[in-house]
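Colleague: sequence isn't available, so here's the structure alone:
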(Lines give C-alpha, C1' and ligand atoms only; values in the text may rest on other atoms or scores of the structure.)
Protein backbone atom coordinates (compact mmCIF):
# COMPACT_ATOMS: atom_id res chain seq x y z
CA UNK A 1 0.00 0.00 0.00
CA UNK A 2 1.34 3.43 -0.94
CA UNK A 3 2.00 5.69 2.02
CA UNK A 4 1.27 9.40 2.44
CA UNK A 5 4.11 11.90 2.32
CA UNK A 6 2.15 15.07 1.42
CA UNK A 7 -0.96 16.32 3.21
CA UNK A 8 -3.45 16.01 0.29
CA UNK A 9 -2.39 12.37 -0.15
CA UNK A 10 -4.14 11.54 3.12
CA UNK A 11 -7.39 12.02 1.19
CA UNK A 12 -6.35 10.79 -2.26
CA UNK A 13 -4.93 7.50 -0.95
CA UNK A 14 -8.00 6.92 1.24
CA UNK A 15 -10.13 7.45 -1.87
CA UNK A 16 -8.02 4.88 -3.75
CA UNK A 17 -8.59 2.33 -1.01
CA UNK A 18 -12.36 2.92 -0.67
CA UNK A 19 -13.89 5.83 -2.57
CA UNK A 20 -17.41 5.32 -1.18
CA UNK A 21 -16.34 5.25 2.49
CA UNK A 22 -17.78 8.22 4.46
CA UNK A 23 -15.17 10.91 5.04
CA UNK A 24 -16.80 14.10 6.29
CA UNK A 25 -20.17 14.95 7.82
CA UNK A 26 -21.62 18.42 8.27
CA UNK A 27 -25.23 19.31 9.06
CA UNK A 28 -26.51 15.80 8.32
CA UNK A 29 -24.81 15.66 4.92
CA UNK A 30 -21.85 13.35 4.30
CA UNK A 31 -19.16 13.40 1.62
CA UNK A 32 -17.44 10.13 0.80
CA UNK A 33 -13.71 9.97 0.11
CA UNK A 34 -14.18 9.98 -3.67
CA UNK A 35 -16.31 13.14 -3.51
CA UNK A 36 -13.94 14.85 -1.08
CA UNK A 37 -10.91 14.04 -3.23
CA UNK A 38 -12.64 15.39 -6.35
CA UNK A 39 -13.59 18.62 -4.54
CA UNK A 40 -10.02 19.12 -3.29
CA UNK A 41 -8.64 18.54 -6.79
CA UNK A 42 -11.07 20.96 -8.42
CA UNK A 43 -10.41 23.63 -5.82
CA UNK A 44 -6.66 23.28 -6.41
CA UNK A 45 -7.19 23.68 -10.16
CA UNK A 46 -9.26 26.79 -9.49
CA UNK A 47 -6.47 28.38 -7.44
CA UNK A 48 -3.96 27.59 -10.18
CA UNK A 49 -6.24 29.27 -12.73
CA UNK A 50 -6.01 32.41 -10.60
CA UNK A 51 -2.24 32.28 -10.83
CA UNK A 52 -1.33 30.84 -7.42
CA UNK A 53 2.43 30.33 -7.26
CA UNK A 54 4.36 27.73 -5.28
CA UNK A 55 4.46 28.62 -1.58
CA UNK A 56 1.97 31.49 -1.76
CA UNK A 57 -0.39 31.76 1.19
CA UNK A 58 -4.12 31.06 1.04
CA UNK A 59 -6.06 32.15 4.15
CA UNK A 60 -9.34 30.50 5.17
CA UNK A 61 -11.72 32.53 7.34
CA UNK A 62 -14.76 30.32 7.87
CA UNK A 63 -16.51 28.31 10.54
CA UNK A 64 -16.20 24.52 10.34
CA UNK A 65 -17.91 23.34 7.13
CA UNK A 66 -17.12 21.35 3.98
CA UNK A 67 -15.54 24.32 2.21
CA UNK A 68 -13.14 24.93 5.11
CA UNK A 69 -11.74 21.41 4.82
CA UNK A 70 -11.67 21.42 1.02
CA UNK A 71 -9.74 24.71 0.95
CA UNK A 72 -7.32 23.57 3.69
CA UNK A 73 -6.31 20.52 1.65
CA UNK A 74 -6.84 22.10 -1.78
CA UNK A 75 -4.40 24.97 -1.29
CA UNK A 76 -1.48 22.56 -0.57
CA UNK A 77 -2.63 20.33 -3.44
CA UNK A 78 -2.02 23.31 -5.72
CA UNK A 79 1.42 23.85 -4.17
CA UNK A 80 0.35 26.71 -1.91
CA UNK A 81 0.35 27.18 1.85
CA UNK A 82 -2.88 27.24 3.86
CA UNK A 83 -3.43 29.69 6.72
CA UNK A 84 -6.48 28.73 8.82
CA UNK A 85 -8.00 31.67 10.68
CA UNK A 86 -10.04 31.11 13.81
CA UNK A 87 -13.62 32.17 12.97
CA UNK A 88 -13.82 33.98 16.33
CA UNK A 89 -11.14 36.48 15.29
CA UNK A 90 -12.23 40.06 14.66
CA UNK A 91 -11.40 42.13 11.58
CA UNK A 92 -8.32 43.76 13.11
CA UNK A 93 -6.82 40.39 14.08
CA UNK A 94 -7.61 38.91 10.66
CA UNK A 95 -6.00 41.89 8.95
CA UNK A 96 -2.85 41.54 11.03
CA UNK A 97 -2.42 37.89 10.02
CA UNK A 98 -3.14 38.55 6.33
CA UNK A 99 -0.46 41.26 6.30
CA UNK A 100 2.00 39.36 8.49
CA UNK A 101 2.33 36.37 6.16
CA UNK A 102 1.57 38.17 2.88
CA UNK A 103 -1.61 36.27 2.08
CA UNK A 104 -2.33 36.19 -1.67
CA UNK A 105 -5.82 34.65 -1.63
CA UNK A 106 -8.61 34.62 0.94
CA UNK A 107 -11.48 32.11 1.19
CA UNK A 108 -14.45 33.42 3.14
CA UNK A 109 -18.20 34.05 3.05
CA UNK A 110 -19.99 37.21 1.83
CA UNK A 111 -21.14 37.86 5.40
CA UNK A 112 -17.60 37.69 6.75
CA UNK A 113 -16.28 39.75 3.85
CA UNK A 114 -18.62 42.55 4.91
CA UNK A 115 -16.93 42.55 8.32
CA UNK A 116 -13.53 42.82 6.63
CA UNK A 117 -14.29 45.47 4.01
CA UNK A 118 -12.48 48.27 5.88
CA UNK A 119 -9.52 46.02 6.76
CA UNK A 120 -8.66 44.36 3.46
CA UNK A 121 -7.53 47.44 1.49
CA UNK A 122 -4.49 47.61 3.80
CA UNK A 123 -3.58 43.97 2.97
CA UNK A 124 -1.37 44.89 0.03
CA UNK A 125 -0.42 41.36 -1.05
CA UNK A 126 -4.02 40.16 -1.24
CA UNK A 127 -5.27 39.78 -4.82
CA UNK A 128 -8.21 37.34 -4.85
CA UNK A 129 -11.15 36.56 -2.58
CA UNK A 130 -13.00 33.27 -3.07
CA UNK A 131 -16.54 33.67 -1.77
CA UNK A 132 -18.93 30.93 -0.78
CA UNK A 133 -22.12 30.98 -2.82
CA UNK A 134 -24.75 33.00 -0.98
CA UNK A 135 -27.87 35.08 -1.50
CA UNK A 136 -26.09 37.95 0.27
CA UNK A 137 -24.54 40.49 -2.10
CA UNK A 138 -20.87 40.91 -1.20
CA UNK A 139 -19.30 44.36 -0.93
CA UNK A 140 -17.08 45.55 -3.77
CA UNK A 141 -13.53 46.19 -2.52
CA UNK A 142 -11.22 48.15 -4.79
CA UNK A 143 -8.19 46.23 -6.02
CA UNK A 144 -9.57 42.79 -5.15
CA UNK A 145 -10.86 40.20 -7.59
CA UNK A 146 -13.79 38.26 -6.12
CA UNK A 147 -14.87 34.91 -7.48
CA UNK A 148 -17.70 32.62 -6.46
CA UNK A 149 -16.83 29.21 -5.07
CA UNK A 150 -18.92 27.43 -7.72
CA UNK A 151 -17.26 29.38 -10.54
CA UNK A 152 -13.80 28.46 -9.21
CA UNK A 153 -14.76 24.79 -9.61
CA UNK A 154 -15.30 25.29 -13.34
CA UNK A 155 -11.60 25.91 -14.00
CA UNK A 156 -9.86 23.38 -16.28
CA UNK A 157 -7.90 20.59 -14.56
CA UNK A 158 -4.31 21.55 -13.77
CA UNK A 159 -1.39 19.88 -12.04
CA UNK A 160 -0.17 21.52 -8.86
CA UNK A 161 3.36 22.85 -8.40
CA UNK A 162 5.95 20.26 -7.44
CA UNK A 163 6.50 20.14 -3.67
CA UNK A 164 8.28 17.71 -1.33
CA UNK A 165 7.57 16.73 2.26
CA UNK A 166 9.99 19.25 3.80
CA UNK A 167 8.31 22.16 2.01
CA UNK A 168 6.13 24.63 3.86
CA UNK A 169 2.53 23.43 4.18
CA UNK A 170 0.68 25.71 6.57
CA UNK A 171 1.01 28.58 9.03
CA UNK A 172 -0.93 28.21 12.28
CA UNK A 173 -1.18 31.36 14.35
CA UNK A 174 -0.99 31.05 18.11
CA UNK A 175 -3.63 32.78 20.21
CA UNK A 176 -1.43 35.75 20.99
CA UNK A 177 -2.10 35.86 24.73
CA UNK A 178 1.35 37.40 25.24
CA UNK A 179 1.22 39.97 22.43
CA UNK A 180 0.69 39.73 18.69
CA UNK A 181 -0.01 36.20 17.45
CA UNK A 182 2.95 34.23 16.11
CA UNK A 183 2.72 32.22 12.90
CA UNK A 184 4.05 28.69 13.43
CA UNK A 185 5.23 27.31 10.10
CA UNK A 186 4.66 23.58 9.56
CA UNK A 187 5.81 21.33 6.73
CA UNK A 188 4.02 18.46 4.99
CA UNK A 189 6.36 16.14 6.88
CA UNK A 190 5.35 17.65 10.25
CA UNK A 191 1.64 17.14 9.73
CA UNK A 192 1.75 13.76 8.02
CA UNK A 193 4.19 12.34 10.58
CA UNK A 194 1.93 13.71 13.30
CA UNK A 195 -1.13 12.03 11.81
CA UNK A 196 0.65 8.67 11.61
CA UNK A 197 1.99 8.95 15.15
CA UNK A 198 -1.30 9.93 16.79
CA UNK A 199 -3.31 7.36 14.82
CA UNK A 200 -0.92 4.63 15.96
CA UNK A 201 -1.30 5.16 19.71
CA UNK A 202 -5.01 6.01 19.57
CA UNK A 203 -5.41 2.86 17.44
CA UNK A 204 -7.58 4.72 14.94
CA UNK A 205 -9.08 2.68 12.10
CA UNK A 206 -11.46 3.06 9.18
CA UNK A 207 -14.47 2.27 11.38
CA UNK A 208 -13.87 5.28 13.63
CA UNK A 209 -15.96 8.47 13.69
CA UNK A 210 -14.14 11.45 15.22
CA UNK A 211 -15.80 14.65 16.40
CA UNK A 212 -14.14 17.90 15.28
CA UNK A 213 -15.23 20.14 18.15
CA UNK A 214 -12.03 22.19 18.44
CA UNK A 215 -11.23 25.03 15.99
CA UNK A 216 -9.52 23.81 12.82
CA UNK A 217 -7.06 26.69 13.25
CA UNK A 218 -5.83 24.91 16.40
CA UNK A 219 -3.27 22.16 15.77
CA UNK A 220 -5.19 19.63 17.85
CA UNK A 221 -8.40 20.58 16.03
CA UNK A 222 -6.88 20.10 12.57
CA UNK A 223 -5.37 16.84 13.80
CA UNK A 224 -8.86 15.33 13.92
CA UNK A 225 -8.93 15.64 10.14
CA UNK A 226 -5.42 14.38 9.43
CA UNK A 227 -5.62 11.45 11.85
CA UNK A 228 -8.98 10.32 10.52
CA UNK A 229 -8.10 10.73 6.83
CA UNK A 230 -4.86 8.78 7.29
CA UNK A 231 -6.82 5.66 8.32
CA UNK A 232 -9.92 6.33 6.20
CA UNK A 233 -12.21 7.20 9.12
CA UNK A 234 -15.11 9.70 9.24
CA UNK A 235 -15.01 13.19 10.79
CA UNK A 236 -18.09 15.06 12.02
CA UNK A 237 -17.74 18.85 11.91
CA UNK A 238 -19.42 20.62 14.83
CA UNK A 239 -19.86 24.32 15.53
CA UNK A 240 -21.33 24.13 19.00
CA UNK A 241 -22.83 26.82 21.22
CA UNK A 242 -23.36 24.86 24.44
CA UNK A 243 -21.67 21.82 26.00
CA UNK A 244 -24.87 19.81 25.60
CA UNK A 245 -24.54 20.30 21.82
CA UNK A 246 -21.29 18.32 22.01
CA UNK A 247 -22.91 15.48 23.95
CA UNK A 248 -25.88 15.46 21.57
CA UNK A 249 -23.53 15.12 18.58
CA UNK A 250 -21.57 12.32 20.28
CA UNK A 251 -24.81 10.42 20.85
CA UNK A 252 -26.45 11.02 17.47
CA UNK A 253 -23.38 10.44 15.30
CA UNK A 254 -22.09 7.48 17.36
CA UNK A 255 -18.75 9.22 17.87
CA UNK A 256 -15.88 6.88 18.76
CA UNK A 257 -13.17 9.47 19.52
CA UNK A 258 -13.35 12.90 21.19
CA UNK A 259 -10.46 15.33 21.69
CA UNK A 260 -11.04 18.53 23.66
CA UNK A 261 -9.39 21.06 25.98
CA UNK A 262 -9.82 21.04 29.79
CA UNK A 263 -12.30 23.97 29.96
CA UNK A 264 -14.72 22.08 27.69
CA UNK A 265 -14.29 18.88 29.68
CA UNK A 266 -14.97 20.82 32.89
CA UNK A 267 -18.24 22.03 31.37
CA UNK A 268 -19.09 18.55 30.09
CA UNK A 269 -18.75 17.09 33.59
CA UNK A 270 -21.55 19.43 34.68
CA UNK A 271 -23.87 18.10 31.96
CA UNK A 272 -25.93 14.91 31.92
CA UNK A 273 -24.44 12.10 29.82
CA UNK A 274 -26.74 9.48 28.30
CA UNK A 275 -25.72 6.05 29.53
CA UNK A 276 -25.32 4.54 26.06
CA UNK A 277 -22.52 6.90 24.96
CA UNK A 278 -19.79 4.88 26.67
CA UNK A 279 -20.77 1.87 24.54
CA UNK A 280 -19.49 3.54 21.35
CA UNK A 281 -17.18 6.35 22.56
CA UNK A 282 -13.96 4.37 22.50
CA UNK A 283 -11.69 7.13 23.85
CA UNK A 284 -11.56 10.72 24.98
CA UNK A 285 -8.31 12.67 24.71
CA UNK A 286 -7.18 15.80 26.48
CA UNK A 287 -4.99 18.54 25.00
CA UNK A 288 -4.25 22.21 25.62
CA UNK A 289 -3.29 21.93 29.29
CA UNK A 290 -3.48 19.54 32.21
CA UNK A 291 -6.81 17.91 32.97
CA UNK A 292 -7.83 18.62 36.59
CA UNK A 293 -7.91 15.32 38.46
CA UNK A 294 -11.45 15.90 39.72
CA UNK A 295 -12.63 16.47 36.13
CA UNK A 296 -10.93 13.26 35.00
CA UNK A 297 -12.54 11.28 37.83
CA UNK A 298 -16.00 12.61 36.97
CA UNK A 299 -15.59 11.91 33.25
CA UNK A 300 -14.56 8.33 33.95
CA UNK A 301 -17.64 7.89 36.14
CA UNK A 302 -19.81 9.04 33.22
CA UNK A 303 -17.83 6.93 30.72
CA UNK A 304 -16.73 3.73 32.45
CA UNK A 305 -15.97 1.85 29.20
CA UNK A 306 -14.21 4.78 27.47
CA UNK A 307 -10.41 4.96 27.50
CA UNK A 308 -8.83 8.26 28.64
CA UNK A 309 -5.75 9.55 26.79
CA UNK A 310 -4.00 12.44 28.53
CA UNK A 311 -1.83 14.31 26.04
CA UNK A 312 0.60 17.20 25.98
CA UNK A 313 1.55 19.17 22.92
CA UNK A 314 2.57 22.55 21.59
CA UNK A 315 1.89 24.03 18.18
CA UNK A 316 5.63 24.36 17.51
CA UNK A 317 5.95 20.55 17.52
CA UNK A 318 2.31 19.48 17.17
CA UNK A 319 2.15 16.71 19.81
CA UNK A 320 4.82 15.54 22.25
CA UNK A 321 3.54 13.06 24.84
CA UNK A 322 0.63 10.86 25.82
CA UNK A 323 -0.25 8.77 28.86
CA UNK A 324 -1.57 5.30 27.97
CA UNK A 325 -4.97 4.54 29.54
CA UNK A 326 -3.44 1.61 31.45
CA UNK A 327 -1.27 4.09 33.39
CA UNK A 328 -3.99 6.60 34.29
CA UNK A 329 -4.90 5.02 37.62
CA UNK A 330 -1.26 4.77 38.69
CA UNK A 331 -0.12 8.15 37.35
CA UNK A 332 -3.14 10.44 36.89
CA UNK A 333 -0.96 13.56 37.10
CA UNK A 334 1.50 12.44 34.42
CA UNK A 335 1.60 13.68 30.82
CA UNK A 336 3.11 10.33 29.86
CA UNK A 337 6.01 9.58 27.56
CA UNK A 338 7.00 10.64 24.05
CA UNK A 339 4.62 9.81 21.23
CA UNK A 340 5.89 7.44 18.52
CA UNK A 341 8.67 8.88 16.33
CA UNK A 342 9.54 11.67 18.79
CA UNK A 343 12.01 12.03 21.64
CA UNK A 344 11.37 14.21 24.69
CA UNK A 345 14.31 15.42 26.74
CA UNK A 346 14.38 17.21 30.09
CA UNK A 347 17.37 19.56 30.09
CA UNK A 348 19.04 21.95 32.49
CA UNK A 349 19.83 25.50 31.42
CA UNK A 350 23.33 24.43 30.42
CA UNK A 351 21.86 21.79 28.08
CA UNK A 352 22.76 18.77 30.18
CA UNK A 353 20.10 16.13 30.94
CA UNK A 354 18.27 16.39 34.28
CA UNK A 355 18.32 13.55 36.76
CA UNK A 356 15.19 11.66 37.86
CA UNK A 357 12.55 14.02 39.29
CA UNK A 358 14.79 17.05 38.72
CA UNK A 359 12.81 19.95 37.17
CA UNK A 360 14.00 21.07 33.76
CA UNK A 361 12.83 22.32 30.38
CA UNK A 362 10.90 19.99 28.08
CA UNK A 363 12.72 19.74 24.75
CA UNK A 364 11.19 17.99 21.73
CA UNK A 365 13.28 16.51 18.90
CA UNK A 366 12.19 14.61 15.79
CA UNK A 367 10.05 14.75 12.66
CA UNK A 368 7.33 16.90 14.24
CA UNK A 369 9.56 19.89 15.00
CA UNK A 370 8.17 22.81 13.01
CA UNK A 371 9.94 25.24 10.69
CA UNK A 372 9.98 28.24 13.05
CA UNK A 373 7.89 31.38 13.36
CA UNK A 374 7.01 33.18 10.16
CA UNK A 375 9.22 36.21 9.51
CA UNK A 376 10.34 36.40 13.15
CA UNK A 377 13.99 35.38 13.57
CA UNK A 378 14.18 36.65 17.16
CA UNK A 379 11.28 34.58 18.51
CA UNK A 380 12.35 31.62 16.39
CA UNK A 381 15.82 31.72 17.95
CA UNK A 382 14.25 31.71 21.42
CA UNK A 383 12.22 28.55 20.85
CA UNK A 384 13.94 26.61 18.04
CA UNK A 385 17.54 25.92 19.06
CA UNK A 386 20.33 23.51 18.15
CA UNK A 387 20.55 20.52 20.46
CA UNK A 388 23.69 20.44 22.63
CA UNK A 389 26.35 18.21 21.10
CA UNK A 390 26.17 15.58 23.85
CA UNK A 391 22.37 15.54 24.19
CA UNK A 392 20.80 12.07 23.86
CA UNK A 393 20.74 11.07 20.20
CA UNK A 394 23.58 13.44 19.26
CA UNK A 395 27.14 12.22 18.78
CA UNK A 396 30.17 14.51 18.66
CA UNK A 397 31.00 13.44 15.10
CA UNK A 398 27.75 14.89 13.73
CA UNK A 399 28.72 18.20 12.16
CA UNK A 400 25.37 19.67 11.12
CA UNK A 401 23.23 20.98 14.00
CA UNK A 402 19.84 19.45 14.81
CA UNK A 403 17.11 21.95 15.65
CA UNK A 404 14.77 21.04 18.49
CA UNK A 405 11.87 22.86 20.15
CA UNK A 406 12.68 24.22 23.60
CA UNK A 407 9.15 24.44 24.98
CA UNK A 408 9.57 26.92 27.83
CA UNK A 409 7.62 24.43 29.99
CA UNK A 410 9.09 23.06 33.20
CA UNK A 411 8.61 19.32 33.70
CA UNK A 412 10.21 16.46 35.60
CA UNK A 413 10.81 12.84 34.58
CA UNK A 414 10.49 10.04 37.13
CA UNK A 415 12.66 6.95 37.41
CA UNK A 416 10.40 5.07 34.97
CA UNK A 417 10.60 7.79 32.30
CA UNK A 418 7.13 9.26 32.85
CA UNK A 419 6.87 13.05 32.59
CA UNK A 420 5.02 15.46 34.88
CA UNK A 421 4.09 19.02 33.95
CA UNK A 422 5.12 21.66 36.52
CA UNK A 423 4.33 24.91 34.75
CA UNK A 424 5.14 27.44 32.08
CA UNK A 425 8.17 29.52 32.91
CA UNK A 426 6.41 32.74 32.00
CA UNK A 427 3.45 31.90 34.29
CA UNK A 428 5.32 30.58 37.33
CA UNK A 429 4.62 32.49 40.54
CA UNK A 430 7.37 33.20 43.09
CA UNK A 431 5.71 33.57 46.48
CA UNK A 432 7.40 33.63 49.89
CA UNK A 433 10.53 32.20 48.27
CA UNK A 434 8.69 29.28 46.62
CA UNK A 435 8.03 28.74 42.93
CA UNK A 436 4.37 27.82 42.39
CA UNK A 437 2.63 26.85 39.16
CA UNK A 438 -0.89 28.26 38.61
CA UNK A 439 -2.01 24.79 37.56
CA UNK A 440 -0.99 23.40 40.97
CA UNK A 441 -3.34 25.85 42.67
CA UNK A 442 -6.15 25.27 40.18
CA UNK A 443 -5.85 21.50 40.61
CA UNK A 444 -6.59 21.79 44.34
CA UNK A 445 -9.45 24.23 43.75
CA UNK A 446 -11.15 21.85 41.32
CA UNK A 447 -10.66 18.96 43.75
CA UNK A 448 -12.75 20.78 46.37
CA UNK A 449 -15.77 20.67 44.03
CA UNK A 450 -16.63 24.15 45.33
CA UNK A 451 -15.85 25.95 42.04
CA UNK A 452 -17.13 25.66 38.49
CA UNK A 453 -14.13 27.15 36.65
CA UNK A 454 -11.09 28.89 38.04
CA UNK A 455 -7.84 30.57 37.10
CA UNK A 456 -4.88 31.44 39.33
CA UNK A 457 -2.19 34.05 38.69
CA UNK A 458 0.49 35.98 40.53
CA UNK A 459 0.15 39.65 41.51
CA UNK A 460 3.19 41.75 42.49
CA UNK A 461 3.47 42.01 46.27
CA UNK A 462 6.18 43.83 48.24
CA UNK A 463 6.13 41.29 51.06
CA UNK A 464 5.71 37.95 49.26
CA UNK A 465 7.04 38.67 45.78
CA UNK A 466 3.83 37.37 44.26
CA UNK A 467 0.47 37.14 45.97
CA UNK A 468 -1.70 34.36 44.53
CA UNK A 469 -5.00 35.66 43.17
CA UNK A 470 -7.85 33.44 42.00
CA UNK A 471 -10.86 34.19 39.82
CA UNK A 472 -13.53 31.50 40.12
CA UNK A 473 -17.10 30.80 39.08
CA UNK A 474 -19.70 28.98 41.19
CA UNK A 475 -20.41 25.31 40.54
CA UNK A 476 -23.47 24.62 38.41
CA UNK A 477 -26.69 25.49 40.26
CA UNK A 478 -24.91 26.54 43.46
CA UNK A 479 -23.35 29.58 45.10
CA UNK A 480 -19.62 29.88 45.73
CA UNK A 481 -18.79 30.05 49.44
CA UNK A 482 -15.44 31.88 49.56
CA UNK A 483 -14.83 31.19 53.25
CA UNK A 484 -15.49 27.48 52.80
CA UNK A 485 -13.20 27.41 49.75
CA UNK A 486 -10.37 29.14 51.62
CA UNK A 487 -10.80 26.73 54.51
CA UNK A 488 -10.42 23.81 52.09
CA UNK A 489 -7.34 25.47 50.58
CA UNK A 490 -5.73 25.84 54.00
CA UNK A 491 -6.48 22.17 54.70
CA UNK A 492 -5.13 20.94 51.35
CA UNK A 493 -2.25 23.33 50.57
CA UNK A 494 0.96 24.48 52.21
CA UNK A 495 0.53 28.00 53.57
CA UNK A 496 2.52 29.63 50.77
CA UNK A 497 0.12 28.24 48.14
CA UNK A 498 -3.11 29.46 49.76
CA UNK A 499 -4.67 32.23 47.61
CA UNK A 500 -4.51 35.75 49.01
CA UNK A 501 -7.79 36.59 47.30
CA UNK A 502 -10.68 34.92 45.50
CA UNK A 503 -12.76 36.97 43.08
CA UNK A 504 -16.13 35.36 42.28
CA UNK A 505 -17.50 35.79 38.75
CA UNK A 506 -20.52 34.44 36.93
CA UNK A 507 -19.37 31.94 34.33
CA UNK A 508 -18.18 30.93 31.98
CA UNK A 509 -14.73 32.56 32.12
CA UNK A 510 -13.42 34.05 28.85
CA UNK A 511 -11.53 31.81 26.45
CA UNK A 512 -8.80 32.54 23.98
CA UNK A 513 -9.46 31.54 20.35
CA UNK A 514 -8.28 27.97 21.02
CA UNK A 515 -10.84 27.40 23.76
CA UNK A 516 -8.46 27.66 26.73
CA UNK A 517 -9.35 29.88 29.70
CA UNK A 518 -7.59 33.17 28.97
CA UNK A 519 -5.38 33.56 32.03
CA UNK A 520 -3.45 36.50 30.55
CA UNK A 521 -6.53 38.60 29.77
CA UNK A 522 -8.13 37.85 33.15
CA UNK A 523 -5.01 38.68 35.12
CA UNK A 524 -4.27 41.86 33.17
CA UNK A 525 -7.84 43.12 33.54
CA UNK A 526 -7.83 42.30 37.26
CA UNK A 527 -4.61 44.25 37.87
CA UNK A 528 -5.81 47.23 35.83
CA UNK A 529 -9.09 47.34 37.78
CA UNK A 530 -7.26 47.25 41.12
CA UNK A 531 -4.96 50.08 40.04
CA UNK A 532 -7.81 52.45 39.18
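Modeller: Happy to help now that I have it. Given the structure is predicted, the values throughout are model-derived calculations rather than measurements. Residues are numbered from 1 along each chain as shown.

Colleague: from now on I want contacts and neighbour counts done on CA atoms only, so please keep to that.
Modeller: Fine.

Colleague: residue 41: neighbour count?
Modeller: Number of residues near residue 41 (other Cα atoms under 10 Å) recorded here: 25.

Colleague: can I assume it sits in a helix?
Modeller: Yes. Judged by DSSP: H, G, I helix; E, B strand; the rest coil, residue 41 forms part of a helix.

Colleague: make 13 the first number, not 1, from now on.
Modeller: OK, 13 is where the count begins now, so the last one is residue 53.

Colleague: sec struct for the residue lying closest to it once chain neighbours are set aside, please.
Modeller: With Cα to Cα, 6 or more residues apart in numbering as the criterion, residue 53 has its nearest non-adjacent residue at 6.4 Å, and that residue is residue 86. State at residue 86, reduced to three classes by three-state DSSP: helix.

Colleague: could you measure from residue 86 over to residue 45?
Modeller: 14 Å (Cα to Cα, to the nearest Å).

Colleague: the two - which one has more neighbours?
Modeller: Using other Cα under 10 Å, the more surrounded residue of residue 86 and residue 45 is residue 86, with 30 against 27.

Colleague: report the contact partners of that one.
Modeller: 20, 52-56 (Cα atoms under 8 Å, 6 or more residues apart in numbering).

Colleague: what distance do you get for it to residue 95?
Modeller: In terms of Cα to Cα, residue 86 sits 12 Å off from residue 95.

Colleague: what's the helix or strand for residue 118?
Modeller: strand 115-120 (DSSP states H and E).

Colleague: what mean pLDDT does that strand have?
Modeller: Predicted confidence along strand 115-120 averages 98 (mean pLDDT).

Colleague: same for it, what does it pack against?
Modeller: Under the contact definition 3 or more Cα pairs under 8 Å, 6 or more residues apart in numbering; DSSP states H and E, strand 115-120 sits against strand 69-73, strand 140-143.

Colleague: quick one: contacts of it?
Modeller: Contacts of strand 115-120 (Cα under 8 Å, 6+ apart): 64, 68-74, 83, 137-144.

Colleague: contacts for stretch 464-474 next, please.
Modeller: With contact meaning Cα under 8 Å, 6+ apart, stretch 464-474 is reached by 275, 278, 439-442, 450-451, 453-454, 457-458, 478-488, 519-521, 529, 531, 535, 539.

Colleague: would you mark the buried spots in that stretch?
Modeller: For stretch 464-474, burial by neighbour count (16 or more other Cα atoms under 10 Å) applies to 464-471.

Colleague: is it possible to get TSV of those residues that adds pLDDT and distance to residue 256?
Modeller: Listed next are the buried residues of stretch 464-474 as TSV, based on pLDDT from 0 to 100; distance: Cα to Cα, whole Å:
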residue	pLDDT	distance to residue 256
464	95	16
465	95	17
466	95	21
467	95	23
468	95	27
469	94	30
470	91	34
471	91	36
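
Colleague: sort out for me which of those residues are in strands.
Modeller: 466-471 (DSSP state E).

Colleague: ok, which pair from the residues you listed is furthest apart?
Modeller: 466 and 471 (15.9 Å; Cα to Cα).

Colleague: which strands and helices lie in contact with the strand ranked longest in the chain?
Modeller: Identified as the longest strand of the chain according to DSSP E is strand 415-425. Strand 415-425 sits against strand 354-359, strand 372-378, helix 389-395, strand 396-398, strand 431-436, with contacts defined as 3+ Cα pairs under 8 Å, 6+ apart.
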